[in-house]
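Engineer: My questions concern the predicted model and sequence given below.
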Amino acid sequence: MKMGTVLWLEWLKLRRRGIPLLFAAVFLLTALWMGWSFGKSDASGINDQRIMIYLNLLLISTILVPITLAALACRLCDMEQMGNTYKWICTIEEPEAVYRGKVLTGILNLTVLSLLECGIYEVLAVPAGGASLLRGFQLFFTLFLAGTAIFILQLNLSLWFSNQLTPVLISIGGTFAGLFSWFLPDFPLRYVIPWGYYGVLCNAGYIYDEANRYTTCYWTGYRVIWAVFLALAAVLIYLRGQKRFLSAVREMI
């Protein structure tokens, strides 16, 4: 069976289970929140509103995207887990292709959502002078890389636990930890959990002058080393998850 067919079958399984609606709702919520926050905001108290938009998009993604990816991972696995049907599925398709198809399905959904979020950034940045291609790419890369690592981890957890509530609870805990790490940037927690990498890879910051009520935003260098580290971690998580999935399927067969 070709990989395109595997992806199509995964999509058929998801389309009536609320996943497209969930991703659309997350995008709309993000767009409405960002539009409300910056659509009519006073730009006189900040030197570059585009940077603050960039920061807030990554912050709201820390809150909304991980739990969305956890729900997607659960939906990709729950039917097979409850029915214990992997041994039948893997008689007509290689287990590697089944696992790879689930990963690619999640990555495709994440790519679309990340591009839409970058579209929000581009639109809201227009009144402030427009967003540069470099900043738009850096935003997409951060959203995509952090989301990919989180999704693969969540998929492995969903394949591991028969009760899909457990991976969701882990995702909620990870999301809170990732959000917490934004406010304690020197605390090492953000570097050891994938949920913290929205903040780790954020290449912007600001200084608030309380006396003058003025915010000075600034760009920093992109943390390439930490991006490479996260990419390698995602590959290792993928390989480990695939190995465990193959082992579990062979035991069933």
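Structural biologist: Everything's here; your move. All of these numbers come straight from a predicted model, not from anything done at the bench.

Engineer: Pull out the buried residues from the helix or strand hosting Q242.
Structural biologist: Assigned by DSSP states H and E, Q242 falls within helix 224-252. Buried residues in helix 224-252, counted by 16 or more other Cβ atoms under 10 Å: 227, 230, 233-234, 237-238, 241-242, 245-246, 249. Backbone N, C-alpha and C define where each C-beta goes, glycine included.

Engineer: Give me the lowest-pLDDT entry from those residues.
Structural biologist: Within the buried residues of helix 224-252, V249 has the lowest pLDDT, namely 68.

Engineer: Poorly predicted segments of the chain, please.
Structural biologist: 1-3, 5-6, 39-42, 79-93, 249-253 (pLDDT under 70).

Engineer: can you pull out the helices in it?
Structural biologist: Assigned by DSSP state H, the chain shows helices spanning 3-15, 19-38, 49-83, 86-89, 95-125, 133-160, 165-182, 189-192, 197-200, 224-252.

Engineer: Angles on the backbone of the residue in the chain sticking out farthest from the centre, please.
Structural biologist: Outermost residue of the chain with respect to the C-alpha centroid, by Cα atoms, centre = their mean, is A211; its distance is 37.4 Å. Torsion angles at A211 (phi, psi; degrees, to the nearest 10) stand at phi -60, psi -40.

Engineer: And for the one 10 residues further on?
Structural biologist: Recorded main-chain torsions at G221 are phi -70, psi 140, according to degrees, to the nearest 10.

Engineer: That one against C202, yeah?
Structural biologist: No - using Cβ atoms under 8 Å, G221 makes no contact with C202, being 11.8 Å away.

Engineer: ok, those two, which is more surrounded?
Structural biologist: Counted by other Cβ atoms under 10 Å, G221 and C202 do not tie: C202 has more neighbours, with 23 against 6.

Engineer: Against S162, how distant is that one?
Structural biologist: When distance is defined by Cβ to Cβ, to the nearest Å, C202 is 37 Å away from S162.

Engineer: repeat for Q154
Structural biologist: Distance of Q154 to S162, computed by Cβ to Cβ: 15 Å.

Engineer: now M34
Structural biologist: 38 Å.

Engineer: more neighbours, those two?
Structural biologist: Taking other Cβ under 10 Å, M34 and S162 do not tie; M34 has more neighbours (19 against 12).

Engineer: rewinding a little: from the buried residues of helix 224-252, which is closest to K13?
Structural biologist: Among those, F245 lies closest to K13 (Cβ to Cβ), at 17.2 Å.

Engineer: Surely the closest one and W160 touch.
Structural biologist: No - F245 is beyond contact range of W160, at 9.1 Å (criterion: Cβ under 8 Å).

Engineer: Cool, thanks, signing off.
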